[in-house]
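> build the 3D model from these lines:
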Amino acid sequence: MTSARPESDDDDGLEAAVDQAISACGGDMRATIRALIVANEFLENEVGELMKAVSRAHSRGRFQTYSG
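Residues are numbered from 1 along each chain as shown. Just a heads-up that it's a prediction; the model follows:
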């Protein structure tokens, strides 16, 4: 049986983060997934609120465009 985990140096940080998340939930995979879903929903709500704030500020002329 082959491992589903690809061998990559870039993957080391991700694997460490996965191990840390699982450890923070006491090794309970369902609790880890639940916590990640809750965190993702929180971040999605934050992005939505920030997008609204930026849109309001832009429509009021508070942002200057940057053309690089």
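> and Y66, helix, strand or coil?
Recorded secondary structure, Y66: coil (DSSP: H, G, I helix; E, B strand; the rest coil).
> how close does it sit to N45?
As for Y66, its distance to N45 is 27 Å (criterion: Cβ to Cβ, to the nearest Å). To be clear about C-beta, it is placed using only N, CA and C from the backbone, and glycine gets the same treatment.
> what about those two, which has more around it?
Ranked by neighbour count (other Cβ atoms under 10 Å), Y66 and N45 place N45 first, with 10 against 5.
> secondary structure element for the more buried one, which one?
Per DSSP states H and E, N45 falls inside helix 29-59.
> counting contacts, what elements does that helix pack onto?
Packing contacts for helix 29-59, counted by 3 or more Cβ pairs under 8 Å, 6 or more residues apart in numbering; DSSP states H and E, involve helix 11-24.
> so who does the one residue sitting closest to the centre of the chain touch?
Nearest residue to the geometric centre of the chain (Cα atoms, centre = their mean): N40, 6.0 Å. Going by Cβ atoms under 8 Å, 6 or more residues apart in numbering, N40 touches no other residue.
> going forward can the numbers begin at 33, since that is how I track them
OK, 33 is where the count begins now, so the last one is N72.
> distance of it relative to I65?
10 Å.
> do the same with G45
According to Cβ to Cβ, G45 stands 20 Å off from I65.
> done for today, thanks.
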